[in-house]
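Enquirer: give me the fold of what follows.
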Amino acid sequence: MAVRYDLHGEVAVLTLDNPPVNGMGLATRRELSAGLERALADAEVLAIVITGAGKLFSGGADIKEFGSDKAIAEPNLHSLIRQVEAATKPVVAAIHGSCMGGGLELSLACHYRVAAPGTQVALPEVKLGLLPGAGGTQRLPRVLYVETALNMIVSGEAVKSELLASLPGQKLFDQIVDGELVAGAAAFAAAKGREHAAGAALPRVRDLKARHANPDAYFQFVRNTVKAMAKHFPAPARCVDAVEAAVKRDIEAGLAYERELFMALMFTPESQALRHAFFAERAASRIADVPEDTPVRSVTRVGVVGAGTMGGGITMNFLNAGIPVTLLESKPEALERGVATIRRNYEAQVRKGKLKEDQYQQRLALLKTTLAYEDLRDADLIIEAVFEDMGVKEQVFRALDEVAKPGAILASNTSTLDLDRIAAFTKRPEDVVGLHFFSPANVMKLLEVVRGAQTAKDVLATVMQLAKKIRKTAVVSGVCDGFIGNRMIEQYARQAGFLLDEGCTPQQVDRAIEAFGFAMGPFRMGDLAGNDIGWAIRKRRAVEQPQLRYSKTADLLCERGRFGQKTGAGWYDYAPGRRDAIASPLVEEMVARHRAELGIAPRAIADDEIVHRLVYALVNEGARLLEEGIAGKASDIDMVYLTGYGFPLWRGGPMCYADGQGLFNVVQAMKAFARNPLDDAGFWTPAPLLARLAAEGRRFTA
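Expert: Sure, this is the predicted structure:
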């Protein structure tokens, strides 16, 4: 049963029981509707309470039904809300834990609302590129100040019940129940039932007025603010329009307008991209051959080998989650520098008010340091974060194999190297996994979990669960050079180099892709990461894959010692102490001279060509990763790029974007790129999976 029916004296209690979030799915709606009818038909029942089982009232729509026929099947949420609103006996919403989206809209249809302290209340639809579609934009401004309601709707952020209850004139909550919620709600409902039996009218939110002293000026001000802050997303501006309708129109006209706006937003590419990202993030944690009930290993102590920038950032993730860390370095001075950096990062958070002093001290108290591998004996998980060199990795893993306890998980933070070779340095390859954090590791959300040929399923299940605890979005990758993210970005970077050879400047390429929505173009990204990293990879490629062609401009840059921000010069010039990228005449002259030496006459290249050569390079390599089984799902690739590489959220990731463009059109563009004699025609041969999907009119993300 999705809804339980119980009697508490003269009160019928209808409990939503649809784990994990008591979603308003079709079964729930049908059973709640039937429960209402039963209670209304029972002469012994004076009033009705609607509440949620477990730790929350309702998280809103059932995401398993999102976009399906079940989502609109009768009774749909609109019909159910009208049924509640029209009830002839008092209906009381008893909310606790979380009351989100459609759950809040249902509660607004009730005649009364009581809440437990600490309840989180939100209308988060804007985060999916939508607005509340079941009356939220019309009813919430009728029970709260218009400004408060609009802030909640436009931001989608949760607000605690106590804060809302403290607002003067608010009509959202009739009571905050400090004791047992259902008992308190039933007592409240029984009293209201007796009042109603004596002739008192039932209050309805729809009958209230949403008022503002100066609506025209207020809504214009908010519209201008929203336009500046959310220029790539249409939903926030439509939220403003809907709430304005709540003030200026009657309830039925406002509800109709809200529905019109909701349906229009549903089909925008931005909402489709946001919904894709929402589901992709949840799907990333599911591994096809690892059952959800796979037992996990206990991780209560962590060891980190290497106290550099990456090791320090990794350490902070676990300290933030309350997990003790032992940090190992080979030299005292390196260890001191690493701990000093961790301290500075935390102290900066304290200064900015993001961290309390006592929290800072608690986290530092969880940190131990050592110069001896022996001190990692008790660690349940040990993460290596040393120099990206196979010889160095071998030394570390052979040492760890000697000291780590049985069942300890040994993880490498390698970004490109063969994890199976690393695992072979131990006698326990089943315990070895890749945990590729992205820099800065204490900030970036992405965690690539690299699955070796012998990595045990319980190891995978453990690190995927642990990723959630340290607030990372974990995506599983198979073993290949560069895994998902770096293998794809190499093709992107190769195209950027060819564009320089053909006539572009670094700033033109960066401007074009940043206008498309990337956080940073390829040349600014190279300067930030360090151009010497790519140089080392190209040297390795020259031995391992001599047929792979690159523009020579990046090597010429590195030969001049221009490694990026850390040297004060890269593709751009940098003033001391600043990160502003300044166009470099020296680099432009170097590129032009190299072009002349190759006998290439520069041509004008449109921004559209720049963008699609870069993005479709990601798409084609991504298709190869899917075909090879390195990536399990197209949505996993999108999550890697949304959370680790600055791909614009409103475009949904490279594979989602390609679907939106139409895979037939993507293939046609690739064929045109292949005809360019200065490009790499072989690379632009569409990956077999891409060619097949395009021919069949299908999508990556279907």
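Enquirer: what are the C-alpha coordinates of stretch 680-693, in PDB please?
Expert: Only the C-alpha atoms of stretch 680-693 are listed here, as PDB (Å, rounded to 0.1, in the frame of the first residue of the first chain):
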ATOM      1  CA  ASP A 680      42.800  14.800 -38.800                       C
ATOM      2  CA  ALA A 681      40.500  13.000 -41.300                       C
ATOM      3  CA  GLY A 682      40.900   9.700 -39.600                       C
ATOM      4  CA  PHE A 683      39.700  11.000 -36.300                       C
ATOM      5  CA  TRP A 684      36.600  12.500 -37.800                       C
ATOM      6  CA  THR A 685      35.400   9.100 -39.100                       C
ATOM      7  CA  PRO A 686      32.300   8.800 -36.900                       C
ATOM      8  CA  ALA A 687      32.600   6.200 -34.200                       C
ATOM      9  CA  PRO A 688      30.600   3.100 -35.200                       C
ATOM     10  CA  LEU A 689      28.100   3.600 -32.400                       C
ATOM     11  CA  LEU A 690      27.500   7.200 -33.400                       C
ATOM     12  CA  ALA A 691      27.100   6.200 -37.100                       C
ATOM     13  CA  ARG A 692      24.700   3.500 -36.200                       C
ATOM     14  CA  LEU A 693      22.600   5.700 -33.900                       C
END
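Enquirer: mind giving me the packing neighbours of the lowest-mean-pLDDT helix or strand in the chain?
Expert: When the helices and strands of the chain are scored by mean pLDDT, DSSP states H and E, helix 531-544 comes last with a mean of 88. Secondary-structure packing of helix 531-544 (3 or more C-beta pairs under 8 Å, 6 or more residues apart in numbering; DSSP states H and E): helix 553-559. Backbone N, C-alpha and C define where each C-beta goes, glycine included.
Enquirer: and the helix or strand that comes right after the helix it packs on, how far from the chain's centre?
Expert: Counting by DSSP states H and E, the element after helix 553-559 in chain order, helix or strand, is strand 572-573. Offset of strand 572-573 from its chain centre (C-alpha atoms, centre = their mean, to the nearest Å): 32 Å.
Enquirer: where do the strands of the stretch 201-350 of the chain begin and end?
Expert: Counting by DSSP state E, counting those that start in this stretch, the segments of the stretch 201-350 of the chain that form strands are 302-305, 325-328.
Enquirer: list the buried residues in the last one.
Expert: Of all the residues in strand 325-328, those buried under the rule 16 or more other C-beta atoms under 10 Å are 325, 326, 327, 328.
Enquirer: the first one is in contact with residue 304, isn't it?
Expert: Yes: counting by C-beta atoms under 8 Å, residue 325 sits close enough to residue 304 to count as a contact (5.9 Å).
Enquirer: any idea how far residue 617 lies from residue 482?
Expert: Noted for residue 617: a distance of 14 Å to residue 482, by C-beta to C-beta, to the nearest Å.
Enquirer: joint contacts of these two?
Expert: Common contacts of residue 617 and residue 482, defined by C-beta atoms under 8 Å, 6 or more residues apart in numbering, comprise residue 488.
Enquirer: residues touching residue 638, list them.
Expert: When contacts are counted by C-beta under 8 Å, 6+ apart, residue 638 touches 276, 277, 280, 647, 652, 653, 654, 655, 656, 701.
Enquirer: which one's more surrounded, residue 617 and residue 482?
Expert: Neighbours per residue, other C-beta atoms under 10 Å: of residue 617 and residue 482, the larger number sits with residue 617, 26 against 20.
Enquirer: doesn't the more buried one belong to a helix?
Expert: Yes: if the criterion is DSSP: H, G, I helix; E, B strand; the rest coil, then residue 617 is within a helix.
Enquirer: that one contacts residue 686, correct?
Expert: No: the criterion here is C-beta under 8 Å, and residue 617 misses it with residue 686 at 12.0 Å.
Enquirer: related to what we said a few turns ago, could you dump the buried residues of strand 325-328 to JSON lines with pLDDT and distance to residue 249?
Expert: Below are those laid out as JSON lines (pLDDT from 0 to 100; distance: C-beta to C-beta, whole Å):
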{"residue": "325", "pLDDT": "98", "distance to residue 249": "57"}
{"residue": "326", "pLDDT": "97", "distance to residue 249": "63"}
{"residue": "327", "pLDDT": "97", "distance to residue 249": "61"}
{"residue": "328", "pLDDT": "97", "distance to residue 249": "66"}
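Enquirer: looking at those residues, which one is closest to residue 454?
Expert: Of all the buried residues of strand 325-328, residue 328 has the smallest distance to residue 454: 25.1 Å, by C-beta to C-beta.
Enquirer: list the contacts of the closest residue to that closest one other than its chain neighbours.
Expert: Of all residues not flanking residue 328 in the chain, residue 305 sits nearest, at 4.9 Å (C-beta to C-beta, 6 or more residues apart in numbering). Counting by C-beta under 8 Å, 6+ apart, residue 305 touches 311, 328, 376, 382, 383, 384, 385, 386, 396, 400.
Enquirer: same question, residue 295
Expert: Contact analysis of residue 295 by C-beta under 8 Å, 6+ apart lists 458, 461.
Enquirer: for it, give me phi and psi.
Expert: phi -60, psi 150 (degrees, to the nearest 10).
Enquirer: any idea how far residue 560 is from residue 589?
Expert: For residue 589 relative to residue 560 (C-beta to C-beta), the value is 12 Å.
Enquirer: neighbour count: the two, which is higher?
Expert: With neighbours defined as other C-beta under 10 Å, residue 589 and residue 560 compare such that residue 560 has more, 14 against 10.
Enquirer: how about that one: what's its closest non-neighbour residue?
Expert: Distances taken as C-beta to C-beta, 6+ apart place residue 590 nearest to residue 560, at 7.6 Å, with adjacent residues excluded.
Enquirer: just the pLDDT for that neighbour.
Expert: As predicted, residue 590 sits at a pLDDT of 97.
Enquirer: could you do the one 3 residues further on as well?
Expert: In this model, residue 593 is scored at 96, pLDDT.
Enquirer: could you measure from it over to residue 571?
Expert: 16 Å.
Enquirer: who has more neighbours out of these two?
Expert: In this view residue 593 and residue 571 are compared by other C-beta under 10 Å, and residue 571 has more residues nearby, 29 against 11.
Enquirer: residue contacts, the more buried one?
Expert: Per C-beta under 8 Å, 6+ apart, neighbours of residue 571: 506, 523, 524, 526, 527, 531, 557, 562, 564, 581, 584, 587.
Enquirer: one more time with 10 Å, if that's ok
Expert: By C-beta atoms under 10 Å, 6 or more residues apart in numbering, residue 571 lies in contact with 496, 500, 505-507, 509-510, 521-527, 531, 553-554, 557, 562, 564, 581, 583-584, 587, 591.
Enquirer: spatially nearest residue to it, not counting backbone neighbours?
Expert: Leaving aside its sequence neighbours, residue 571 sits nearest to residue 523 (C-beta to C-beta, 6+ apart; 4.0 Å).
Enquirer: which elements pack onto the helix or strand containing that neighbour?
Expert: Element membership for residue 523, per DSSP H and E: helix 522-529. For helix 522-529, the elements it packs on are helix 485-502, helix 506-516, helix 531-544, helix 553-559, strand 572-573, judged by 3 or more C-beta pairs under 10 Å, 6 or more residues apart in numbering; DSSP states H and E.
Enquirer: for the second one, which positions count as buried?
Expert: Residues of helix 506-516 classed as buried by neighbour count (16+ other C-beta under 10 Å): 506, 507, 508, 509, 510, 512, 513, 514, 516.
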